[in-house]
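Trainee: my questions are about this predicted structure, shown below with the sequence.
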Amino acid sequence: MNQKNYARIVLVATLLFIYLIVLPIIFRNQRYLLNIVITASLLSCASLGVWITFSIGRINIGQGAFAGIGGYTTAILIMKAGFSFWQSFLLAGLLAALIGFLFGLVILRLKGVYFAMLTLSLTETFRLIFLNAEGLTNGGNGIMGIPRPGALSIAGITIIPNFGRSNIFFYYLSATILIIVFLAVWRLYKSRIGWIFKAIRISEDLTRSCGINIVKYRIMAYSICCFLGGIAGSLFTVFYQNIFPASFQVNDSVYFMLYCFLGGLDYLAGPILGAFVLTGAFEVLRFIQKYQEGIYACIMIALMLWLPNGLMSLNLGKVFGKRKEKELETTEADKLLKSYNPDSGRKSLKKEG
C-alpha cells in the first residue's frame, strides 16, 4: 500500500468516525445544529446526481424540479393513498427517474448553455404545476402534517423500529442514505458505464464512432440524476413534515449545481464537501440575511478566481488524487477511445443499440 492510499484510507475513516460518532454525540441536545447536518446530507444526495450529469458533459440546473417531484409524490402517497414512507420512498425516486427519462429523450440532444437553460426552466415549470394542481397538491397551501418514517417490518420482523420524531434517528437515516448513494455512484463511475460517461464527455463523436449508443448512456446518466433528486426530495418532505410549491425553487437548482463547482468537479466527494460548506456558510451568515446573497456571491467569485478546481484542489484534493492532464491520458475512458481504429475498433468493443 503506497503512502497516498494509506493517507486516503486514514482520512476517510476519520471523516466517517466524526460524521457517524462524534457529531451525533456533540449535537444530540442541539436540535438546530443537528438539523443543519441532516440538511447538508440530503443536499449532498441530490448534488451527487447533478455531478453525474457533469460527468457526461452536461450542465444541469434543473435538479430542484425532480426533488419537488419526489417530495410531492411521497406527500401524496402518504397523506392521500395511505402508503408508509418506506413504500413511497423508492416510488418517489422511480417516478422522478421516469419523468427525467421522458424529458431526457428530448432535451439531451442539446449541449452547453442551451441544455443548462432548458433544465433551469424545468424547476419553474414544475413549481407552477404544483401550484395549480390543487386537487393533488393543495395548491399554494401545500401539504402539511406529513408523519415521520415509522417502523419497517419485513415478513413480520421489525428491521427498523419506530423512532417517532427523534432527530437522531433521522440523522442516521440521512447519513446511511448518503453513504449508500456515494458508494453506488463511486462503483458506477469505476465501472464500464462510468468509463463510457467519461468518454462521452471527452468526445461524443469519437465515442459514437466506436459503436457506443451514446443516446442510451446520456439518458441513463440523466435518469440516475433524477432518481437521486427524487429520493432527496422525499427525505426532505418527511424531515420537515410539509411541502409547498416554493419548497424547491430555481435558486435551489442553482445551488445544487454550485455545490459541485465549489467542492470540485474532478472529485466525486466534491458535491458533498460543497454542500456541507455552503450549508454551514448560509447558517453563519443568517444574522445578516439582508446581505447574505451578496456576500455569498463575492465568496463564490473569489473561489472561481483563486480555486477554479474547487475546495478539493487544496491539500485535501492531493490526498484524494487530483486528475492531472498526464493522468487523464491514461484513464480507462481515454484507453477506450484510443483503442478504436477503423479496422479493429468494433472487434474490441461490442456495438450497442
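Mentor: Structure's in. What do you need?

Trainee: hey, let's count contacts and neighbours off CA atoms from now on
Mentor: Noted.

Trainee: these two touch, right, Gly274 and Phe256?
Mentor: No: counting by CA atoms under 8 Å, Gly274 sits too far from Phe256 to count as a contact (9.2 Å).

Trainee: what helix or strand does the closest residue to Phe163 other than its chain neighbours sit in?
Mentor: Excluding the flanking residues, the one nearest Phe163 by CA to CA, 6 or more residues apart in numbering is Phe169, at 6.4 Å. Following DSSP states H and E, one finds Phe169 within helix 167-190.

Trainee: that helix: which residues count as buried?
Mentor: 167-171, 174-175, 177-178, 181-182, 185, 189 (16 or more other CA atoms under 10 Å).

Trainee: check stretch 288-298 too.
Mentor: Under 16+ other CA under 10 Å, the buried positions of stretch 288-298 are Gln292.

Trainee: ok, stretch 35-42 next?
Mentor: Asn35, Val37, Ile38, Thr39, Ala40, Ser41, Leu42.

Trainee: pLDDT (mean, whole number) over that stretch?
Mentor: On average, the pLDDT along stretch 35-42 is 95.

Trainee: quick one: that stretch to chain centroid distance?
Mentor: 13 Å (CA atoms, centre = their mean, to the nearest Å).

Trainee: next: stretch 38-51.
Mentor: Here stretch 38-51 is found 4 Å from its chain centre; the criterion is CA atoms, centre = their mean.

Trainee: about what we covered before: now render the buried residues of stretch 35-42 as TSV, adding distance to Ile61.
Mentor: Formatted as TSV, those follow (distance: CA to CA, whole Å):
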residue	distance to Ile61
Asn35	25
Val37	23
Ile38	23
Thr39	19
Ala40	18
Ser41	19
Leu42	17
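
Trainee: of these, which belong to strands?
Mentor: Taking DSSP state E, every one of the buried residues of stretch 35-42 sits outside strands.

Trainee: can you flag which of these belong to helices?
Mentor: Members of those lying in helices (criterion: DSSP state H): Asn35, Val37, Ile38, Thr39, Ala40, Ser41, Leu42.

Trainee: residues making contact with the helix holding Phe169?
Mentor: 20, 24, 28, 31, 34-35, 37-38, 41-42, 44-45, 48, 163, 194-195, 235, 239, 268 (CA atoms under 8 Å, 6 or more residues apart in numbering).

Trainee: could you do stretch 107-118 as well?
Mentor: Arg58, Ile59, Asn60, Ile61, Gly62, Val215, Arg218, Ile219.
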